[in-house]
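Enquirer: Sequence and computational prediction follow.
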Amino acid sequence: MFPWVAVDLLAVYFGLDVLVNLVFLVVFLVVFRRPSPATPQATTVSSQSDDAGVAILVPAYNEAATVADSVRSLLALDYPEFEVIVLNDGSKDVTLEVLMREFRLQPEARDYVDLLGTAPVRAVYRSGLDARLCVVDKPNSGKADSLNVGLALTGMPLVVTVDSDSLLAPSALSRLAGLFRRRNAAAAGGLITAANGVQVARGRVVFSRLPHRALVLFQVIEYLVSYTVGRVAFSSVNALMILSGAFSMFDRRLLLDCGGFLTRRNHHPYVRRIARGRPVSTVCEDMEVIVRLHRYVRENRLRRPIVFDPWPVAWTEVPSSLSQLARQRNRWQRGLLESLFLHRSMWFEPGYGAAGLLGIPYQLLFVAFSPVLQLAGLGLLVWMAIAGETSWLWLAGALGATALAGGVIAALVTTAVERRFARNSAVNVQAMRYHSFGDWLRLLVHAMLSGPVYGPLRSAFQLWGIWDWLAGRKSWYKFGREGFGEVKP
């Protein structure tokens, strides 16, 4: 009796999961069929001149392999007023030396006023080649603390956070800044895709091929399908709970008002109130700050949505080995749980609108603890088959049908997204992922295999993250970068 009751409960849970994801897919397809708001024809000189100034904050720790290309990409952006602030977070490699050599850095006399509680600043440099580039040298204190230093140093109305290995499309800033002008956004993010396999010329992506490694290709598909579809749907109802730290834009004043990025040093009154006076931190500052922004906006009755632009705007390196992927997903899972439980007063709370009633419950039930329920469901079905309650044939058929259905959906969405980008993207068309029938076939096959092959691996790494979260571990687990393929002029 009990096994079948448990099966019924798990069937309801997974049925809801499928239904929610089908709703996400419908919303995504509706939004995706609309013309891109950032096509070359739609982006005029007058509209760009109305956009506010932007400071691009680039925390860097041991990023010597990619930091020069990334900075060149940022300085080549098509935007009227911006500055790039690279924050060298006590790198142990030659990151600072690479920046000094490539951009002819010169010391700049500048007073640092600590607004949030950060590590001290050792030195500030200005590029002798491009005055828009500023480099800050500071002791190692983590990415979130480095971002808070950048928030204090800049006076630009908008700030962008990027990883030091990120490459942006030339129109990236205009795409997101337009959302602040048109929709009065509190924060905005765009589509991130894998940089593995791209070729770069003068800081811009000019060619991209499908990665040779199956693990990287699975992640390309994951970024296109899993992250994009859900974020478009949640953005449409202002329940988006995470923007990628690889490329996000914020209203600087609003971000400072809600306390900046979470660190143990942060002494902002709003952060201290949420943390109940205790020093707290998280290994995923990009999710926590979005949850806190939702909370601050609702508590102060502001109409400031957090939005997502479903167009390709940034490339970032993804893990190329199982050990790197395991450590990354472990950290993401811990960061998700840390953020959700820090803001547990928002759970199922109508006062926090769609974020409290939809966004957080979804993250809690279908992301944070989904691996546990998946493992429980699989274990229960296997136990029932062993006990003779059901047949092994039925079990194999059920698991195979589930994996095949997910694979077909992933394949269709992946193909549709790539073809749409190739026709309408404002970035170089040669930067699209596939260029032949063979490429398309490889993409399709890997998309169909992503569920049965890549899905269990990801769930296992997430389970490891849950275990480490329960044990209170705070390791960052940073993975090494390989760098980009540079096209010589």
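Expert: Noted; the coordinates are in hand. The structure displayed is predicted, hence computed values, not measured ones. Residues are numbered from 1 along each chain as shown.

Enquirer: Off-centre distance for the strand or helix carrying A233?
Expert: Per DSSP states H and E: A233 is located in helix 228-236. Offset of helix 228-236 from its chain centre (CA atoms, centre = their mean, to the nearest Å): 13 Å.

Enquirer: do stretch 185-205 as well
Expert: With CA atoms, centre = their mean, you get 11 Å for stretch 185-205.

Enquirer: what does stretch 107-121 give?
Expert: On CA atoms, centre = their mean, the centre of stretch 107-121 falls 28 Å from that of its chain.

Enquirer: again, but for stretch 295-314
Expert: 14 Å.

Enquirer: distance between the ends of that stretch?
Expert: One end of stretch 295-314 to the other measures 27 Å (CA to CA, to the nearest Å).

Enquirer: Which residue, other than its chain neighbours, is closest to the residue nearest the centre of the chain?
Expert: With distances taken as CA atoms, centre = their mean, S244 lies nearest the centre of the chain, 2.0 Å away. In this structure, S244 finds its nearest non-sequential neighbour in I192, 4.8 Å apart by CB to CB, 6 or more residues apart in numbering. C-beta here means a position set from N, CA and C on the backbone, and glycine is covered the same way.

Enquirer: quick one on the thing from earlier: which elements pack onto the helix holding A233?
Expert: Helices and strands in packing contact with helix 228-236 are listed as helix 2-32, strand 306-316; criterion 3 or more CB pairs under 8 Å, 6 or more residues apart in numbering; DSSP states H and E.

Enquirer: any weak-confidence spans in the stretch 251-400 of the chain?
Expert: 312 (pLDDT under 70).

Enquirer: Please report how far V124 lies from H267.
Expert: 23 Å (CB to CB, to the nearest Å).

Enquirer: So for those two, which residue has more residues nearby?
Expert: V124 (19 against 14; other CB atoms under 10 Å).

Enquirer: pLDDT (mean, whole number) over the host helix or strand of R72?
Expert: Per DSSP H and E: R72 is located in helix 67-75. Mean pLDDT, computed over helix 67-75, is 87.

Enquirer: Now do the strands in the stretch 101-250 of the chain.
Expert: Along the stretch 101-250 of the chain, the stretches classed as strands by DSSP state E, counting those that start in this stretch are 105-107, 123-127, 133-138, 158-162, 167-168, 187-194, 198-201, 204-208, 247-251.

Enquirer: Among those, which comes closest to G377?
Expert: strand 187-194 (30.3 Å; CB to CB).

Enquirer: So for the closest one, mean pLDDT?
Expert: On average, strand 187-194 scores 87.

Enquirer: elements contacting it?
Expert: For strand 187-194, the elements it packs on are helix 172-183, helix 214-222, strand 247-251, strand 306-316, judged by 3+ CB pairs under 8 Å, 6+ apart.

Enquirer: Using TSV, lay out those together with mean neighbour count and distance to L99.
Expert: Shown next, in TSV, are the helices and strands packed on strand 187-194 (neighbours: other CB atoms under 10 Å; distance: least, CB to CB, whole Å):
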stretch	mean neighbour count	distance to L99
helix 172-183	22	21
helix 214-222	22	28
strand 247-251	26	20
strand 306-316	25	19
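
Enquirer: Redo the ones you listed as JSON lines? Include distance to A76.
Expert: Output for these, formatted as JSON lines (distance: least, CB to CB, whole Å):
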{"stretch": "helix 172-183", "distance to A76": "11"}
{"stretch": "helix 214-222", "distance to A76": "24"}
{"stretch": "strand 247-251", "distance to A76": "15"}
{"stretch": "strand 306-316", "distance to A76": "14"}
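
Enquirer: These: which one's closest to L262?
Expert: strand 247-251 (14.0 Å).

Enquirer: ok, then the element right after the closest one?
Expert: Assigned by DSSP H and E, the successor of strand 247-251 is helix 252-257.

Enquirer: And that next one, how far out from the chain middle?
Expert: 20 Å.

Enquirer: which residues touch that helix?
Expert: By CB atoms under 8 Å, 6 or more residues apart in numbering, the list of residues contacting helix 252-257 from outside reads 55, 115-116, 151, 154, 156-159, 186-187, 270, 289, 293, 296-297, 302, 304.

Enquirer: switch the cut-off to 10 Å
Expert: Identification of contacts with helix 252-257 by CB atoms under 10 Å, 6 or more residues apart in numbering yields 52-55, 115-116, 147-148, 150-152, 154-159, 161, 185-187, 250-251, 260-261, 268, 270, 289, 292-293, 296-297, 300, 302, 304.

Enquirer: In helices, which of those appear?
Expert: 147-148, 150-152, 270, 289, 292-293, 296-297 (DSSP state H).

Enquirer: which of the residues you listed lies closest to F218?
Expert: Closest to F218, out of all of the ones in helices among the contacts of helix 252-257 and judged by CB to CB, is V289, at 28.3 Å.

Enquirer: D137: how many residues sit nearby?
Expert: 21.

Enquirer: Likewise for the one 5 residues further on?
Expert: Other residues lying near G142 total 21 when counted by other CB under 10 Å.

Enquirer: what sits against it?
Expert: 59, 61, 89-90, 119, 148, 261, 263-265, 281, 283, 285, 476.

Enquirer: Phi first, then psi, for it.
Expert: phi 100, psi 160 (degrees, to the nearest 10).

Enquirer: low-confidence ranges in the stretch 1-150 of the chain?
Expert: 1-15, 18, 32-50.

Enquirer: rewinding a little: quick one: closest of the helices and strands packed on strand 187-194 to F366.
Expert: helix 214-222 (15.7 Å).

Enquirer: can you give me the angle that closest one makes with strand 204-208?
Expert: 110 degrees (axes from the mean of the first three to the mean of the last three CA atoms, to 10 degrees).

Enquirer: what angle separates helix 214-222 from helix 228-236?
Expert: Using the same axes, to 10 degrees: helix 214-222 against helix 228-236 is 30 degrees.

Enquirer: can you give me the mean pLDDT across helix 214-222?
Expert: Helix 214-222 comes out at a mean pLDDT of 88.

Enquirer: count of neighbours near P279?
Expert: Quick note: P279 (other CB under 10 Å) scores 13 neighbours.

Enquirer: cool, and L375?
Expert: Neighbours of L375 (other CB under 10 Å): 14.

Enquirer: Now it, what are its backbone angles?
Expert: Torsion angles, degrees, to the nearest 10, at L375: phi -60, psi -40.

Enquirer: How about the contacts made by it?
Expert: 456, 459-460, 463.

Enquirer: Tell me how many other residues crowd the closest residue to R473 other than its chain neighbours.
Expert: Leaving aside its sequence neighbours, R473 sits nearest to R334 (CB to CB, 6+ apart; 7.3 Å). Counted with other CB under 10 Å, the neighbours of R334 add up to 27.
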